[in-house]
Every structure is written in C-alpha cells, then in structure tokens.
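Enquirer: pasted the sequence and its predicted model underneath.
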Amino acid sequence: MKVEEKPTPQPEPEPGFEEVAARVPWGQRLRGWGIQLLAPAVSLLIAAVIGVLVILIVQQSWGDVADVAGAMWSYGLFNRNSVAFILGRATPLIFAGLAVAIAFKAGLFNIGVEGQYAIGALAAGYVGYQLSAPTALHLPLTILAGMAGGVLWAAVPALLKVYRGAHEVISTIMMNFVANAVLLYLLSDLMKDPNQQGGIAQQQTPPIEPTAQVGSMVPFFNSIGFDFRGSAPVTWFFVLAIVAAILYSLTVRRTRFGFELRVLGTNPRAAEPSGIRSNAMIMKAMLLSGAIAGLVALQDVIGIDDRMKLDYIRGYGFTGIAIALLGRNSGLGIVAAALLFSFLDRASSGIGLNTDVPKEVTSIMQAVIILTIVIAYEVVRRMTARRQLREQHERA
Amino acid sequence: MPEILVQLFGLATIASAIRAFVPLYLATLGGVFNERSGIVNIGIDGMMIFGTWFGAWGALQWGPVAGLLTAVAAGVAVAAIHGMATITFRVDHIVSGVAINILAIGMPRFLSIVAYGQGTQSPQVPSLPKIDLPGLGEQSIMVPVTVLLGFGAWFVLTRTIFGLRLRSAGENPRAAESLGVRVRGQRWAGVLISGGFAGLAGGYLSIELVGLYREGMNQGRGFIALAALILGNWSPIGAAFACLLFAWTEALTVFLRVDWINNAFIQSLPYIVTLVVLALFFRRVRPPKAVGQAYEAGSPV
C-alpha cells in the first residue's frame, strides 16, 4: 500500500471547541457527569448483589458473605503488598484497555490484543537477550521491538479489512490462534533457553541482558513512606502506562487525528464526504492499537522477570476489552477500570486464603460488571438523548 | 497410495472430519437463524462454551440425552442475555457478544470448582451409543441427527411462514412491521434458536466427541462457525459445504505431518484457512440487509 503521510501533529483544538465547552453552565455539566457515573455505580451494585447471591447458593450461609466481604476489604486493600500489587497488575490492563479503546474510537473491534501482545513480548524478549548495547540504546530498542511485534500482528487484520473487507472481529481472533502457534514454536525451538535447570522444561527464552530491563518501583514507593516487600510486582512501567493514558486522552480529544478517528467511529458515512480517508484511518487506528498492545506484557518480560515465558500470555487482551467498555474508552476511565479489576484480582487472593468460598467468585463479578455496564451505558445514553431532545423542544 | 494422500484424504481423516463437522455445523446453523433475523451473534463461541460445560454436567447427573438437552437449555439461557441486551436495550450487537464471550472465560471455571472441586476439567461423562456408518467407522448418533437438523433448518427458513417472517425481520424490518410481522419477536426467536444450536454444539463436544469437559476445549470453533456462515452465504445448505471444508482442515491438524512444517503451524491450519476464506470471499457474499441494526417499532430513526 502507498505510504500515508504521518498523522499531522496539530495540538491546537478544533476551532470554536473551547467556546462551545465554555457555554455549558457548570450545574448542567456536574449533572451530566453524575449521570455518567450512575451507570458504573449501578453496574457495580448489581455485580455485588449477584456475587452475594452466588455465595448464598454455593455456601448457603450469610456468614460466608460477611467473610468474603471482609477478606476482599482487608486483604484486597490493606495487606502489606496490596497497593503495590494493584498498581502493578493494573499496568498491563491499562495498556490493553487503551489498545482496545483506540480501535473502538474508530469503530473497530480489536479482539486481537491477546495475539498482538504475545508477538510483541516475543520480539522484545528476542531483542532483550540477543542484542548487547548500553541501556540508553538497548532499553528503548527492546520496548520498540515489543511495539513493532504488536504492529506486525495488527497489520494483517488491518490490511484484510481495508483491501478485502474482511471483518476485523473474526480475523483478529484467528490471528490470536496463529500467534499461539508461533509462540509455542519459537519458545520450544528457535528461541528456547538452551541451559535450563530443573526437571520440567519451561517454555522460555534465555535471560534478558540487564541493559534491557526496567527497574522495580518498590524503592521509590518505600522512600515516600510505603512499606512494600522487595518482590512486590510494580515497576516503572506503571508510570509509562499512566503517561500512555494521558497521551491517549490528549490525542483523542485535542488533535485532528483524534477528531477524525471519532468521526469515523461515530458516523462512518460522514467520514469520506468530510475529507477523511476512511481506509487510511482504519490502518492507522489498527496499527496504533497494535503498537499499544505490544506493551502489554513487557512489564512481565523485562520488568518483573528477565525473560519471556509462555505463562505471560494470560488473557490480558480479553480483560482489556472489558476495561475499555467499563472505562467508556476515556483515558481516565480506563485507568480507573484497570485499578478496579486489579483490586478484584487481589481481593480474589484474599478470598482464596481466608474463606471457604472459591476465589473465582470475583471472575463472576467481573463478568456481571461487563454485561451490566454495556446495558447501563446504553440506558443512560438514551436518557441523556431524550433529555437533550426535551430541552431543545422547550427552547424552541 | 502415497503417504501424503492418505494423510489428506484417508478414511481416518475423513471420519475425523465428520466428527469435527457436527459442532461446527450446528453452531453455524444457529448463526444462520440469528443473522437472518437481523441480530449479529459474536457470542456463539461463548454459548458453545456454556454448552460444553452444562452438557458434561447434565450428562453426569442424568445421562447423555439429558446432558445434550441441558446444553441446549444453557445455550438458550445465555442467548436470552444477548437478546435482552441487543433487542430490548438495543446495545451494540458486537459489544454484547464480546461481553458474553468474556463471561464464558471466567464463569465455567467457577462452576467447575463448585461442581468438581477443580477448575479445569470434569470427570469422564457417559456418551450415547455409537453407530457404525459404512466406511466411516464408529460415529456419534449425533451425525445423522445433525444432517436432519440441517435439512430441518433449511425447510423452516425457506418453506414456512415463520421462516419468511424471520428473514423479513433481517432484510427490511420496517416493511415487515408494516405487514404485521412482529420484528422484535422474530429476532428473539432467531437469537434463542441460535443459542439452542450453539449449546447443542457444545454439548456434542463434551459428551460425544471428548467424553468430558475440559477448559478451552472449544478452541474458538464459534468464530470459525461465523466464518463458515459468511462462506456459506447465510444459507443452511451453503453452510454445510463451508463447514465440511473447515472440519476437514481440523482433521488435518491430527493426521497431517509434514517434515518441513512445525506441528504448531499445522495445528493452526483451521485458523489460517479461515483467514484466507475471509480474505477471498467476504466481498462476494451478501449478508442480510438489516443485520446488526437496532430496530425500534414505530421509531423514525
């Protein structure tokens, strides 16, 4: 395909945007935000109720409900390492959520984040152990390799969509399965760790050079008054994830590229007449999504551990879809949703340690949140649309 | 006969393809119903997964036939969630389907722990007696049942009033409504039938094909069924040929061994073939006109 010109970096807002925003009175804006928060609140409430019902059905005692709530609260939030765990576990979820969201913004469903980050992690692992260079060069190259892996894997469904019209939902899922084959092949053949200790052969690469590793954030947190164990799984990738979320928000809201994405996503038929080349935008959105997806497992590979293992491909891509839905594709929302899901994971360990209830009860709650949130947002959207219509009538 | 031809077209390969055909075709038949009624169902895969779990569970409790019926009921129940989201609340069909697939990742594990004390597998479950098909060895009794269901689906869709109404809801809901067809009712029927087929497909997998429930046993068959739906041009007859192709590639993952191709890639043959099929045929087929569009009776939008 011919090379499109780069997304024009135009940081200035669309003309008139600020004035329009300024005209909305604050009271109305607050009410609007309140309505927006209503949907997640209702959804969380329903999830909690269903969680309680499930426990009652399985254990048939209110005592267990209290135990579970207690374990979620005390272990999930106040165990010595809990905050570090929540921030660390949220990191891949934020990247995954952003990757799904940027495609969503253009009206595309990237279900292939799972495969994209698998290939990204392989690429980063390879550059990490194969290359030797000073940190200033090696680390950026390793991270870029991760992103490039994601881009490569996203490029196939993007090209199939643009040139052959193939729906990206099916093609990205097929790419996930193919990625799985590539993963199995490379980790047990070409990229296999030749000097493994121990009985069972792990599917993993040789160790990554120290120059390609990202440090733990524990010393930093402990220097500002926390008391995490040295092994707590939080690295500087968390900061990178937050920066990515901010950049995402700015790009979507304040750049021409972001505006065009949203036009394509909300009204694809209006895109071409208003001078937006849909196919080029589909390519850009999908490749960008793949690039962000490539970052998902890097914390595991070059942060917490020092090599790529098969175990690190563990469903973040699908959770990312949930995170993007829950966070309404906004940067802030995605960070909040990732923290919530990460908390639920941590709380689930607490349930496993301190109660008789299977800890997977939190995965049911996550599923209920996902299902109710899409309905709740739709109901709220219609409520707001109806209110706007009524206000227009009153004004007229 | 050279070894490669035996691997490609030998009786063992064909018999295995027939076994793989059943769940794919059942799921695709379900997809035909929901798509022709105007609802996109990306959640077929999730509904199949629920079918595999509840099929095995029901078979353990009450025997294989009841197991298959339990699987159907589970598929219908999950489809009801999809119907409520897409028809009642008019949520985007793909969003709702994706949510159902995510539900199908976590929920069966919880159920397994509650029912079997471990998360990933059920005990061995009883299967139906096998029948001996000439030349194709021992096959599940579900093989002829599936063929009959295929003809049944074709007949219902193309030769009955119900089928005509269902298709009209997916082609031009406004015109259908003006002629007295209850579009939402037809779409509900399409989605619930689809869930039933997907559940049955899952039940076949766990009860008949494998003999137990195992996590991840569905291996994305629901998505391959969606591709078969496209390749089969949304018709039960076309879908049969498409599913035969995909089932054959699935059989090849077991029987085909080539020195210079790593086995991991042979394992992913069905997915690669699906990608190729999508690339070659997506533009040449004609989906139902109003598929994926929300419909609100009497609304101007």
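Expert: Done, it's in.
Enquirer: only the buried residues of the helix or strand encompassing B:Leu164, if you could.
Expert: Counting by DSSP states H and E, the element that carries B:Leu164 is helix B:161-171. Residues B:163, B:165-171 are the ones in helix B:161-171 that count as buried (16 or more other C-beta atoms under 10 Å in any protein chain shown). For glycine as for every other residue, the C-beta is placed from the backbone atoms N, C-alpha and C.
Enquirer: dump it to CSV, restricted to CA.
Expert: Provided in CSV are the C-alpha atoms of helix B:161-171 (Å, rounded to 0.1, in the frame of the first residue of the first chain):
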residue,chain,number,x,y,z
ILE,B,161,-44.3,-18.7,7.1
PHE,B,162,-42.2,-18.5,10.3
GLY,B,163,-39.0,-18.6,8.2
LEU,B,164,-40.3,-15.9,5.8
ARG,B,165,-41.1,-13.6,8.7
LEU,B,166,-37.8,-14.3,10.4
ARG,B,167,-35.9,-13.4,7.2
SER,B,168,-38.0,-10.3,6.6
ALA,B,169,-37.0,-9.0,10.0
GLY,B,170,-33.4,-9.2,9.0
GLU,B,171,-33.8,-7.9,5.5
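Enquirer: what's the nearest residue in chain B when you look at chain A?
Expert: When scored by C-beta to the nearest C-beta, chain B has B:Gly106 as its residue closest to chain A, at 3.1 Å.
Enquirer: other SSEs contacting the helix holding B:Leu164?
Expert: If you count contacts as 3 or more C-beta pairs under 8 Å, 6 or more residues apart in numbering or on different chains; DSSP states H and E, helix B:161-171 packs onto helix B:11-36, helix B:142-159, helix B:173-178, helix B:183-203.
Enquirer: nearest to B:Tyr213, of these?
Expert: Nearest to B:Tyr213 among the helices and strands packed on helix B:161-171 is helix B:183-203; the distance by C-beta to C-beta comes to 9.2 Å.
Enquirer: can you tell me if the helix or strand following the closest one touches chain A.
Expert: Remark: after helix B:183-203, the chain's next helix or strand is helix B:221-231, criterion DSSP H and E. Yes - contact between helix B:221-231 and chain A, assessed by C-beta under 8 Å from any C-beta of the partner chain, occurs at B:223, B:226-227, B:230.
Enquirer: surely B:Gly55 meets B:Ala201?
Expert: No - with contact defined as C-beta atoms under 8 Å, B:Gly55 and B:Ala201 do not form a contacting pair (9.5 Å).
Enquirer: which stretches of chain A form strands?
Expert: Counting by DSSP state E, chain A has no strands at all.
Enquirer: what's the nearest residue to the residue in it that chain B sits nearest to if we skip its chain neighbours?
Expert: Relative to chain B, the nearest point of chain A is A:Ser363 (3.1 Å; C-beta to the nearest C-beta). Excluding its sequence neighbours, the residue lying closest to A:Ser363 (C-beta to C-beta, 6 or more residues apart in numbering or on different chains) is B:Gly106, at 3.1 Å.
Enquirer: can you pull the contacts of that neighbour?
Expert: By C-beta atoms under 8 Å, 6 or more residues apart in numbering or on different chains, B:Gly106 lies in contact with A:360, A:363-364, A:366-367.
Enquirer: from those residues, which is closest to A:Leu240?
Expert: Using C-beta to C-beta, the contacts of B:Gly106 come closest to A:Leu240 at A:Gln366, 24.7 Å.
Enquirer: which residues does the closest one contact?
Expert: Applying C-beta under 8 Å, 6+ apart, we find A:Gln366 in contact with A:47, A:319, A:322, A:341, A:344, B:102, B:106.
Enquirer: between the residues you listed, which is nearest B:Leu69?
Expert: Using C-beta to C-beta, B:Gly106 is the member of those that lies nearest B:Leu69, at 25.0 Å.
Enquirer: give me the pLDDT for the closest one.
Expert: You'll see B:Gly106 listed with a pLDDT of 82.
Enquirer: do the same with A:Gly76
Expert: At A:Gly76, pLDDT is 86.
Enquirer: low-confidence stretches in the stretch 151-300 of chain B?
Expert: For the stretch 151-300 of chain B, the stretches with pLDDT under 70 are B:297-300.
Enquirer: which positions in it make contact with chain A?
Expert: If contact is defined as C-beta under 8 Å from any C-beta, the residues of the stretch 151-300 of chain B in contact with chain A are B:219-220, B:223, B:226-227, B:230, B:262, B:264-265, B:267-268, B:270-272, B:274-275, B:278-280, B:282-283.
Enquirer: please list only the buried members of those residues.
Expert: When these are checked for burial by 16+ other C-beta under 10 Å, the buried set is B:219-220, B:223, B:226-227, B:230, B:262, B:264-265, B:267-268, B:270-272, B:274-275, B:278-279, B:282.
Enquirer: neighbours around A:Ser171, how many?
Expert: When counting by other C-beta atoms under 10 Å in any protein chain shown, one arrives at 26 neighbours for A:Ser171.
Enquirer: find the nearest non-adjacent residue to it, please.
Expert: A:Pro157 (4.0 Å).
Enquirer: wait, what's in contact with the residue nearest to A:Val368 when sequence neighbours are not counted?
Expert: Of all residues not flanking A:Val368 in the chain, A:Ala47 sits nearest, at 4.3 Å (C-beta to C-beta, 6+ apart). A:Ala47 makes contact with A:365-366, A:368-369, A:372, according to C-beta under 8 Å, 6+ apart.
Enquirer: which of the helices or strands spans the spatially closest residue to A:Met174 that is not a sequence neighbour?
Expert: Leaving aside its chain neighbours, A:Met174 sits nearest to B:Tyr271 (4.3 Å; criterion: C-beta to C-beta, 6+ apart). Per DSSP H and E: B:Tyr271 is located in helix B:269-281.
Enquirer: report the angle between that helix and helix B:11-36.
Expert: Computed by axes from the mean of the first three to the mean of the last three C-alpha atoms, to 10 degrees, the angle separating helix B:269-281 from helix B:11-36 equals 50 degrees.
Enquirer: can you list contacts of helix B:269-281?
Expert: The contact list for helix B:269-281, computed with C-beta under 8 Å, 6+ apart, reads A:156, A:160, A:164, A:166-167, A:170-171, A:174-175, A:177-178, B:220, B:223-224, B:227, B:230-231, B:242, B:245-246, B:249-250, B:252-253, B:256, B:265.
Enquirer: quick revisit: what would the contacts of A:Ala47 look like in CSV with pLDDT?
Expert: Below are the contacts of A:Ala47 laid out as CSV (pLDDT from 0 to 100):
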residue, pLDDT
A:Met365, 86
A:Gln366, 84
A:Val368, 87
A:Ile369, 87
A:Thr372, 88
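Enquirer: ok, so of those, who is nearest A:Gly88?
Expert: Distance to A:Gly88, by C-beta to C-beta, is smallest for A:Gln366 among the contacts of A:Ala47, at 18.2 Å.
Enquirer: chain center to stretch B:218-236, what's the gap?
Expert: Mean-position distance between stretch B:218-236 and its chain equals 7 Å (C-alpha atoms, centre = their mean, to the nearest Å).
Enquirer: quick one: end-to-end length of it, please.
Expert: This stretch, stretch B:218-236, spans 22 Å end to end (C-alpha to C-alpha, to the nearest Å).
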